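Peer 1: Have a look at this prediction, sequence included:
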Amino acid sequence: MGEPPTFYWRHRASFSDIWSGYYTDEEPESMWVVEESGEVLGYLAGCVDTQRAPGDEKAILRAMLRHGLLFRPGTAGFFWHSFRDVLRSGLPGGELDDPRWPSHLHIDLLPPARGRGAGKRLMEAWFSQLREQGSPGCHLGTIGENHAAIRFFEALGFRRHGEPSLVPGMRTPEGGRHHAQRMVADL
């Protein structure tokens, strides 16, 4: 959501592993980093074929078991909220499985890299790679309340796909709920 996750997730190693482990370990050729003066300011991690990667739920479960996150201060609240949310509302939909958009990405830029074209250059490089490999399209998930991110993706050719859905466990610092918004782009 454009801010550090420390208000709901304070175990950095597991958070990093969930959102970048597959990409650095299995598909490093689809990962780019924004660097300035030796400091990493952002990244784009892509997957050409979503079928090959574990879904977010599997990555989170693996990290939960590996790092004991269910009982760790700084992550336990997220999981207990998640369990309660799933009991009340059911499981959200999993990864998008549609041959029109077989590829996906995660992108994150720190504030100093935003508004300077770095995100657009990362996305253009990713789209170029996907076209070279014959992918017809790409999808991503973002937080529906992150209007700046949605505007950014729409400016690059993405469109909203489906209705936003509640994200189990995810809360704002004030306790409000977050929604996931899927977006797709044809290449």
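Peer 2: Received, thanks.
Peer 1: Stretch 14-31: which residues count as buried?
Peer 2: Residues of stretch 14-31 classed as buried by neighbour count (16 or more other CB atoms under 10 Å): Ser14, Phe15, Asp17, Ile18, Trp19, Ser20, Gly21, Tyr22, Tyr23, Glu27, Ser30, Met31. C-beta: built from backbone N, CA, C; applies to glycine.
Peer 1: From the residues you listed, pick the one nearest Leu105.
Peer 2: Distances from Leu105 to the buried residues of stretch 14-31, taken as CB to CB, are shortest for Ser30 (8.3 Å).
Peer 1: Nearest spatial neighbour of that closest one, chain-adjacent residues omitted?
Peer 2: Gly46 (3.9 Å; CB to CB, 6 or more residues apart in numbering).
Peer 1: Let's verify the one you found: helix, strand, or coil?
Peer 2: The three-state assignment at Gly46 reads strand, by DSSP: H, G, I helix; E, B strand; the rest coil.
Peer 1: Give me the pLDDT for it.
Peer 2: For Gly46, the pLDDT comes out at 97.
Peer 1: Please give the element, helix or strand, for Glu174.
Peer 2: For Glu174, there is no helix or strand it lies in under DSSP states H and E.
Peer 1: And His11, how far from Met64?
Peer 2: Per CB to CB, to the nearest Å, His11 is found 10 Å from Met64.
Peer 1: circling back: the residue nearest to Ser30 against Glu27, yeah?
Peer 2: Yes. Between Gly46 and Glu27 there is a contact at 7.3 Å, judged by CB atoms under 8 Å.
Peer 1: Would you mind finding the longest strand in the chain?
Peer 2: Selection of the longest strand in the chain by residue count, based on DSSP state E, yields strand 159-171.
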